[in-house]
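Participant: When you get a sec, could you give me coordinates for this:
(2 chains)
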Amino acid sequence: MARSGTLGTALLVLGVTLSACGASGLGAAGKFTPRTPDTLTVATAQVPDPGFWKGTIAHPTGGFEYGLARALASRFGLSRVKVIEVPFKQLTAGNLGGADLALSDITVTKQRAEHVDFSESYLDAPPAILVRPGTEVPDVHAAQGLSWAVQDGTTLREALAEAIEPSAPAQVLEHQREVLLALRVGRAEAVMLDLPVALAYAREAPHTYAVAAQLPSEAVLAAALPTGSENLEAVDSAIRAFGADGTIERLGHEWLDTDLQGGRDEGVPALRTDE
Amino acid sequence: MTALAMHAPVMAALVDISSPKGAPWEFLVVFATLLLGPVLFKRAGVPGIIGLLLGGYVIGPHGLNLIGSGNATLPDLGQLGLLYLMFVAGVELDLNLLRIHRRSTVAFGLLTFAFPMVLGTIVGLALGWEVAASLLLGSLLASHTLITYPTVREAGLSSDPAVATAVGSTVLTDTLALIVLAGVAGSVGGGRSGVEVAVQIAVGLIVLIAFSLLVLPRLAALAFRLLGAERSVRYIVAITAFLSAATVAELFGIEGIVGAFFAGLALNRLVPNEGQLMDRIEFFGGAVFIPVFLVSVGLILNPSVMVQGQTLELAGLFILACLGGKALAAMLSARLLGFSRPQATLLFSLSSAQAAATLAATVIGFQLGLFDSSVVNAVLVVILVSVLASTITAIRASARMPTHDRGPQPLGKRVVVGIGDPELAQGALATALGLARADGGVVRPVLVVPETAPFAPRAARERLAQIVAAVGVETLPTTIVDRSVMHGALRAAAAEEATLVLVSEPPEQDGAAAHEHPRQDRAAVRENPRQDRATEHEHPRQDGAAARVAPGPKPRGSRPYTPPADTPHTPPVGIVRGQETLWVDAPRDSCYSR
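Facilitator: Residues are numbered from 1 along each chain as shown, chains lettered A, B, ... in the order given. Below you'll find the model as predicted:
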């Protein structure tokens, strides 16, 4: 009896091992295959981008999304991170310029999801109002009376039109840096940005910018991958792991001076509305 | 038609109807899924759990996208449901079975954990997975959920040694699986050394066990005593208890579900399975929290991934490791413990179903980034196959087993306390509570009102309710009208299928008082021949046995009481006078002895 039990156990162990060895053998958390060997190629719209990217395209030196890119490369066993610049509208239209993925403050929307595959989100990103210090925006009526600038092709343009409905038409500009310039030189009194981005600008130049309010929203930032990318599972697992092991929290504290994962920045008041 | 078309622009201008969104809409979608998912699938003969999982898929981002991937409310509620599920798993375990069959339980528990654990780990390593993911796979295949227990219990086999062994082993397998999960979860956070992780987990487990088993039951008992008059408060105390244990666990980097499970074990004695509090816990858990967890898991479900070759390949390997390991463990244990072949099949059927614990560990593995969605979907296939396989084997094995109509029941399983004067009830209630807690049983206080009393003794009822709550008994007292407290208590005992009856009486004034009640009872029976026959029919041995009143020690409540199979219910009776308990050997020929 004991002999037949031992034999059964041995046969089962052997069968299981041989079957598993003959299986396709993808990692438990997905397998990442880079386009360029040993290199994670990341597309982004602009470098530098306060809080998210520091340095230059050729030599990025820091920032939340750069830190995230390095953490991804490390998890996938890749020794290099290569950054390429691709206009934001092209990124959201599905043209990643040959990169493995895009990290560029991209808010997840259904419309964009038709052109790219989004990973798990890594930051909450409600729309926020950035002004010059001293400009008060206590409620939506005050916001309506301001002159506005917003970047074209972003969810922020829709948020401005739907939630604020400015009295005068907003200036719609191609690049984020033009939007900031408009605010800085006084061509606009307020601009709409994702909250983490707005906080990063206000942190970098507190005498030039202030975050006046945030709008209620479930907007989140995520990495964009080419549609049908087989790397999606691996990137998803990695971002979940970074949430669990504190990587995202650490990067948030280091580069954005805030913790937005899973909540809102309590220091920024919500814009009062009539509802 | 034309008129309608003409009026449409006017209506549109007057009535602004937008597509449904927001919290009410999302909750409507979720609760409609809770309602329809299990109902539709049960009609097709498929377990309701599958309906909830598939319902989650239908409303989720891979289905109709009614609940989008950015939604945080449902996953948060699902997280609460997961903690709730593990708490219920701990609180409803029958610790008496574990104690009575401890040797066979430990032997089978270790084997049924070890085989799938080793095989699952081998599968992971052979697939090239990292060690943490391989160990987690082994542990999630090693645990089991007693899905087929209701089937076996309905077949009258709950007291069969093999069944008791399998049920008891659940504590061991789930605890070991959760310890592996705690170790794995701790090891993937923050790049610490193996020694640091081991120390952290060991210290965390010691603190958690000390908190759960020493602090929590005392705090809960105190809260029940001080605040227990409010029924809803007891429920909130139970919720707070498992959330606090989960929080303590997470302070040390141990998954919250481990804390919730230990909290369940800690409150096991305080929350008897047949009590009102357990009823509430099961009700809210079964109606809302646990189904919401299952629906939230269904959001991850992706049939397009599930039917992929890679997923099915993984599922096949997991099934081989899990069901193969469980079958081997059942066969070997049956030989070691001397169980028959149908009993071996029962061991397998009870220990092979993968559901709650497996799902919990899988979701944690997914959240930690150890598993991708193909592993989650493969595990869901394993759950489906194991539930079907275990159900079929349970039905077949039960049909081949001789039935045990009524198994031995612990003395404190259901204690009826007959009370005439609420002011004298405290001693009897405290004695009853001590016995019931020792046996995981319940206390049923019964206020016996004399036939000549006013119709509605509201003041007495309210006073008794206060005393019952102050002692810590959770069941609300019931009121019956009868000719004597003893007689009323025995009638209530018959209705409740009590395992013990205690009757509170005034402290003894002289030595003769001890014999007062049985004599009265006997005399009353003689006075009324019709009542005599009725009483004899209900309690055939009560009359003669009650004459033998014997003072005795307070029972410790560990010895099982087996009512005779061919007679109506005849539990032992005790009379509590102040601090003294006198034992009346009511069932003269029963196998109860002390």
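Participant: Tell me who's in contact with B:Ala498.
Facilitator: Neighbour list for B:Ala498: B:Arg414, B:Val415, B:Val416, B:Arg444, B:Ala492, B:His569, B:Pro571 [criterion: Cβ atoms under 8 Å, 6 or more residues apart in numbering or on different chains]. Backbone N, C-alpha and C define where each C-beta goes, glycine included.
Participant: let's go with 6 Å and repeat that
Facilitator: By Cβ atoms under 6 Å, 6 or more residues apart in numbering or on different chains, the contact set of B:Ala498 is B:Arg414, B:Val416, B:Pro571.
Participant: Assign it to one of the three secondary structure states.
Facilitator: coil (DSSP: H, G, I helix; E, B strand; the rest coil).
Participant: For burial, what's the neighbour tally of the closest residue to it other than its chain neighbours?
Facilitator: Spatial nearest neighbour of B:Ala498, excluding adjacent residues (Cβ to Cβ, 6 or more residues apart in numbering or on different chains): B:Val416 at 4.2 Å. Neighbourhood size, B:Val416 [other Cβ atoms under 10 Å in any protein chain shown]: 29.
Participant: Please apply the same query to B:Ser504.
Facilitator: Neighbours around B:Ser504, by other Cβ under 10 Å: 28.
Participant: and the residue of the stretch 351-500 of chain B nearest chain A?
Facilitator: Residue nearest to chain A within the stretch 351-500 of chain B: B:Gly369 (2.6 Å; Cβ to the nearest Cβ).
Participant: Can you pull the phi/psi pair for that residue?
Facilitator: Here is the backbone geometry of B:Gly369 (degrees, to the nearest 10): phi 80, psi 10.
Participant: Check whether it really touches A:Ile239, as I assumed.
Facilitator: No. Using Cβ atoms under 6 Å, B:Gly369 is not in contact with A:Ile239, being 7.4 Å away.
Participant: Contacts for stretch B:379-394 next, please.
Facilitator: B:47, B:147-148, B:151-152, B:315, B:318-319, B:345, B:349, B:352-355, B:362.
Participant: Among these, name the ones in helices.
Facilitator: The helices, defined by DSSP state H, take in B:Thr151, B:Val152, B:Ala315, B:Phe318, B:Ile319, B:Thr345, B:Ser349, B:Ser352, B:Thr362 from these.
Participant: Quick check: closest non-adjacent residue to the residue of the stretch 351-500 of chain B closest to chain A.
Facilitator: That would be A:Ala241: by Cβ to Cβ, 6+ apart, it lies 2.6 Å from B:Gly369.
Participant: Wait, a helix at the one you found?
Facilitator: Yes. Under three-state DSSP, A:Ala241 sits within a helix.
Participant: Look at it and report its pLDDT.
Facilitator: A:Ala241 is assigned a predicted lDDT (pLDDT) of 92.
Participant: What is the neighbour count of it?
Facilitator: A:Ala241, neighbours per other Cβ under 10 Å, totals 20.
Participant: repeat for B:Phe283
Facilitator: 11.
Participant: try B:Gly51
Facilitator: Neighbourhood size, B:Gly51 [other Cβ under 10 Å]: 25.
Participant: Who are the packing partners of the helix or strand containing it?
Facilitator: If you go by DSSP states H and E, B:Gly51 is part of helix B:48-59. Helices and strands touching helix B:48-59, by 3 or more Cβ pairs under 6 Å, 6 or more residues apart in numbering or on different chains; DSSP states H and E, are helix B:23-43, helix B:290-298.
Participant: Just the CA coordinates for it, please, in PDB.
Facilitator: Taking C-alpha atoms only, helix B:48-59 is exported to PDB below (Å, rounded to 0.1, in the frame of the first residue of the first chain):
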ATOM      1  CA  GLY B  48     -24.300  30.800  -7.900                       C
ATOM      2  CA  ILE B  49     -20.700  31.800  -7.300                       C
ATOM      3  CA  ILE B  50     -20.100  31.300 -11.100                       C
ATOM      4  CA  GLY B  51     -23.100  33.500 -11.800                       C
ATOM      5  CA  LEU B  52     -21.600  36.300  -9.700                       C
ATOM      6  CA  LEU B  53     -18.200  36.000 -11.300                       C
ATOM      7  CA  LEU B  54     -19.600  36.000 -14.800                       C
ATOM      8  CA  GLY B  55     -22.000  38.900 -13.800                       C
ATOM      9  CA  GLY B  56     -18.900  40.900 -12.900                       C
ATOM     10  CA  TYR B  57     -17.500  40.200 -16.300                       C
ATOM     11  CA  VAL B  58     -20.700  41.300 -18.000                       C
ATOM     12  CA  ILE B  59     -20.800  44.700 -16.300                       C
END
